[in-house]
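[1] Show me how the following folds:
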Amino acid sequence: MYLPTQNERLPDKYRGGVVAIGNFDGVHLGHQALIAKAKSQSDANDCPLGVLTFEPHPRTFFRREEPVFRLSTPQGKAQLLKGLGVQFLDVTPFNLELASLEAEAFVEQILVERLGVSHVVTGYDFHFGKGRKGSPDTMRKLGEKLGFGVSIVEQVTDTDGIAPYSSSAVRTALRRGHVEKAAHQLGHWWSVLGTVVQGDQRGRTIGYPTANIALDPGCEPHEGIYAVRVRLEEGGQKKCYPAAGYIGYRPTFETERMFLEVFIFDFDRDIYGQEIAVDFVKFIRPDKKFNGLDELLVQMEADCKIARKTLIDLASSDPMTGYQLGALQANCEL
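    Predicted structure coming up:
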């Protein structure tokens, strides 16, 4: 997938394409419906399929003191979009200059001049331009004026036609430890993508060496133990490993920052500095403080037993393989 550099005019081979616009945090099933609409348009017109998104998240720009619980890192989002067939991804900096652009100037400068769009697809609630004055109807009118087509995707709900798919609903589910509910909103297991960093290596001394990933500010799933699947590259091949994962502040050891630690079963490779993806499959129990190391070790053994069984069952019947991105996950796409 092609990623233009900041403010780069899109190369001719990608111009004249269909572009879907949005934040796409988590790339949930509502987002996927929007991408599918854009893809059907690009297929019909035999032209490129692209996405325009923004970094940082607009809420981060307007309320810097309130970190956003991001469901996907920019790199993770790019990988998810690539899995949906997106051919180019323009990540536009959300800064004062962009926030000050009037709606028509946004369309002229970014969509027409920089990306050369032939068709634009947005959600029913997409607003743009200074003061969010631009609406879907504004986009339609500007498309007529400036010579590109516009499709607006209405709210997408679950199979019962009741609950809308939304990033907010996924965040709420994850804060409560409801990872299966979050997955059915996403169409894939929620994942943390990151580089393995060196921790204090305490796990090695007690027989549970862990791979550690630094969590971004605002990341706040329910603290505790999970059954997780770790995806990584090994010998040029993409592989999945069962593991037990922990998110929290490690109260038994009185640490002061949040960790994601994963104990990969039957694995003894050094993966410091390597990028891995951690898929959250089942919440096992909340975090707690133990009265000493012996009590902790007994509980860890029990947690790992539950995680192993959960992941064995998952291998034979993964509910996410019925979705496009969930199927790619199961095939260890990273």
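[2] Show me where the stretch 51-200 of the chain has its helices.
    For the stretch 51-200 of the chain, the helices defined by DSSP state H, counting those that start in this stretch cover 58-62, 74-83, 96-99, 103-106, 136-146, 167-175, 179-186.
[3] hmm, who's touching the first one?
    Taking CB atoms under 8 Å, 6 or more residues apart in numbering as the criterion, the residues outside helix 58-62 that touch it are 23, 66-68, 94-95, 99. C-beta here means a position set from N, CA and C on the backbone, and glycine is covered the same way.
[4] Let's see that with 6 Å instead.
    68, 94 (CB atoms under 6 Å, 6 or more residues apart in numbering).
[5] Give me the buried positions along that helix.
    The neighbour-count check on helix 58-62 (16 or more other CB atoms under 10 Å) flags 60-61 as buried.
[6] how long is stretch 182-192 end to end?
    Terminal residues of stretch 182-192 are spaced 14 Å apart (CA to CA, to the nearest Å).
[7] An error on my part: the question was meant for stretch 211-230.
    10 Å.
[8] Go through the helices of the stretch 51-200 of the chain and name the closest to Thr5.
    helix 74-83 (14.1 Å; CB to CB).
[9] what comes up buried for the closest one?
    74, 76-83.
[10] between it and helix 179-186, how many degrees?
    Angle between the axes of helix 74-83 and helix 179-186 is 60 degrees (criterion: axes from the mean of the first three to the mean of the last three CA atoms, to 10 degrees).
[11] Centre of the chain to helix 74-83, how far?
    Its chain's average C-alpha position is 7 Å from that of helix 74-83, according to CA atoms, centre = their mean, to the nearest Å.
[12] for stretch 136-143, same thing?
    The mean C-alpha position of stretch 136-143 is separated from the chain mean by 29 Å, CA atoms, centre = their mean.
[13] Could you do stretch 2-13 as well?
    23 Å.
[14] For it, the averaged confidence score.
    What stretch 2-13 shows for mean pLDDT is 86.
[15] and what of stretch 19-27?
    Stretch 19-27 comes out at a mean pLDDT of 96.
[16] what about Ala36, how many neighbours?
    17 (other CB atoms under 10 Å).
[17] Where in this structure is the helix or strand with the lowest mean pLDDT?
    The least trusted helix or strand in the chain, going by mean pLDDT, DSSP states H and E, turns out to be helix 202-205, with a mean of 56.
[18] which residues touch the spatially most central residue of the chain?
    For the chain, the residue lying nearest the average C-alpha position, counting by CA atoms, centre = their mean, turns out to be Ser72 (2.6 Å). Residues counted as contacts of Ser72 (CB under 6 Å, 6+ apart) are Gly26.
[19] Check which helices and strands the longest helix anywhere in the chain sits against.
    Ranked by residue count, the top helix of the chain under DSSP state H comes out as helix 293-316. Contact here means 3 or more CB pairs under 6 Å, 6 or more residues apart in numbering; DSSP states H and E; on that basis helix 293-316 packs against strand 224-234, strand 237-248, strand 275-286.
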